[in-house]
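> Provided below are the primary sequence and the corresponding predicted coordinates.
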Number of protein chains: 2
Amino acid sequence: MNEQLAQSVRRLIEATIRTEVEDAILTAVQAKIDWATEQLSASLMPGSFGVQQMSDGQSRALGNVVIGDRNPVAPPLRINDDADGFVWTEFVLGAAYEGPAGHVHGGVCAMILDHVLGATAHLPGKPAYTGTLTLRYVRGTPLGQQLRAEAHVERTEGSKTFAVGHIADAEGVTVQAEGVFIHPKKAEH
Amino acid sequence: MNEQLAQSVRRLIEATIRTEVEDAILTAVQAKIDWATEQLSASLMPGSFGVQQMSDGQSRALGNVVIGDRNPVAPPLRINDDADGFVWTEFVLGAAYEGPAGHVHGGVCAMILDHVLGATAHLPGKPAYTGTLTLRYVRGTPLGQQLRAEAHVERTEGSKTFAVGHIADAEGVTVQAEGVFIHPKKAEH
């Protein structure tokens, strides 16, 4: 139910950016949006969603800005994770992720690669945090087209995982990345 | 008007993530959201917002995912740009930007630093594109607290600008960054 609402809000975000309707309609729409926010705010969890245990016993980061099904800002990415540390996801990004005209913001590419490379190091109940991340931009990444991000573990050293990956469109790689991800000694943050 | 609507949608996004109201209310709210999207979609510009010339003659990237006032996904950051290439911005990030529980997603920090470092190289009518970007995560960046991002030009070499910067909270630096930004020979993307 919350996930379906988030999906509706994603469509609203795209329409908000691209609409060319007259001010009278914008005013009427804004009043309905404010009403909706008021309804939802009748009961709010404090702070942010965090990581919560679901009824199936699994922990889920439904509010996560990259993968969270409850977060309308998240595309949301569906991360496919092979047992051997190979991670991939396919997705299309719309008007909400724009930087240069018609292209994905370089910072959004960085955000996605941070998450996808980090996912190579994630273990159930043992999250990994980014130590360093280096991005090399080969060319623009198009909006509105099928994209693929993938990453794999290059090597591990103690608590450190060295991962590499990229984003590609149908023509090939647009952004390359390498990163070091760390399993903290205790789960403190 | 469009900017005010986007601001209302930002509040809706936060409420969508944090709400704990019952399903009946979620259903009613979703119906209103879908109605709003339909109203806005009566007239949509094709593709994305891009960079458009405003009535004051200035070009604005109102759909930009980091600074765009029309884009509900953008915080939006207000970039302060001194003549000597020093750039800074202060902001607070809410539940929509979460990664680790209670903390800003490392990828969101990367996105912001890409934009802020890149802004040191931007000139009116002469955008700069990211060549490489390297991020070093010192510690977690908190949600819901005042943050500051700043960057300056370290040196330039022909069409390349070398910039450094960081994000900090009240306790000090959380993420450091350095990047190379490039003015393309012709504005092709």
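Structure received.

> C-alpha from now on. contacts and neighbour counts both.
OK.

> so where do the strands sit in chain A?
Using DSSP state E, the strands of chain A run over A:52-53, A:59-60, A:80-81, A:87-92, A:129-137, A:146-157, A:160-169, A:172-182.

> which regions of chain A sit below the pLDDT cut-off?
Scanning chain A for pLDDT under 70 picks out A:186-189.

> out of the strands of chain A, which comes closest to A:Leu5?
Smallest distance to A:Leu5 across these (C-alpha to C-alpha): 17.5 Å, for strand A:59-60.

> closest one to B:Ala83 among the strands of chain A?
Nearest of those (C-alpha to C-alpha): strand A:129-137, 27.0 Å.

> quick one: contacts for the residue nearest the centre of chain A?
The residue lying closest to the centre of chain A (C-alpha atoms, centre = their mean) is A:Val66, at 1.5 Å. For A:Val66, the contact set (C-alpha atoms under 8 Å, 6 or more residues apart in numbering or on different chains) comprises A:73-77, A:111-112, A:115.

> redo that, cut-off 7 Å
Contact partners of A:Val66, counting by C-alpha atoms under 7 Å, 6 or more residues apart in numbering or on different chains, are A:74-77, A:112.

> also A:Gln7?
A:Pro72.

> now do it against A:Ala177, distance only.
Distance check for A:Gln7 against A:Ala177: by C-alpha to C-alpha, to the nearest Å, it reads 29 Å.

> please apply the same query to A:Glu150.
Applying C-alpha to C-alpha to A:Glu150 and A:Ala177 gives a distance of 10 Å.

> likewise A:Ile79?
The gap separating A:Ile79 from A:Ala177 is 17 Å, by C-alpha to C-alpha.

> looking at the two, which is more packed in?
Higher neighbour count among A:Ile79 and A:Ala177: A:Ala177, with 24 against 17, using other C-alpha atoms under 10 Å in any protein chain shown.

> partners of that one in the sheet?
For A:Ala177, the beta-bridge partners are A:Leu135, A:Gly165 (DSSP bridges).

> so it touches A:Phe162, yeah?
No: counting by C-alpha atoms under 7 Å, A:Phe162 is not a contact partner of A:Ala177; they are 10.9 Å apart.

> hey, where'd the helices end up in chain A?
Listed in chain order, the helices of chain A (DSSP state H) span A:2-18, A:23-40, A:106-119.

> pull the last one out as PDB, backbone CA atoms only.
Read that as helix A:106-119. Extracted C-alpha coordinates of helix A:106-119, given in PDB (Å, rounded to 0.1, in the frame of the first residue of the first chain):
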ATOM      1  CA  GLY A 106      26.700  13.100 -13.200                       C
ATOM      2  CA  GLY A 107      26.000  13.100  -9.400                       C
ATOM      3  CA  VAL A 108      23.100  10.700  -9.900                       C
ATOM      4  CA  CYS A 109      25.500   8.400 -11.700                       C
ATOM      5  CA  ALA A 110      27.800   8.700  -8.800                       C
ATOM      6  CA  MET A 111      25.000   7.900  -6.400                       C
ATOM      7  CA  ILE A 112      23.900   4.800  -8.300                       C
ATOM      8  CA  LEU A 113      27.500   3.600  -8.600                       C
ATOM      9  CA  ASP A 114      28.200   4.100  -4.900                       C
ATOM     10  CA  HIS A 115      25.200   1.900  -4.100                       C
ATOM     11  CA  VAL A 116      25.900  -0.800  -6.700                       C
ATOM     12  CA  LEU A 117      29.600  -1.100  -5.900                       C
ATOM     13  CA  GLY A 118      28.700  -1.000  -2.200                       C
ATOM     14  CA  ALA A 119      26.200  -3.900  -2.700                       C
END
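
> what's that helix in contact with?
A:66, A:87, A:97, A:99, A:128, A:130, A:135, A:150-151, A:163-166, A:177, A:179, A:181, B:106-108, B:110-112, B:114-115, B:130.
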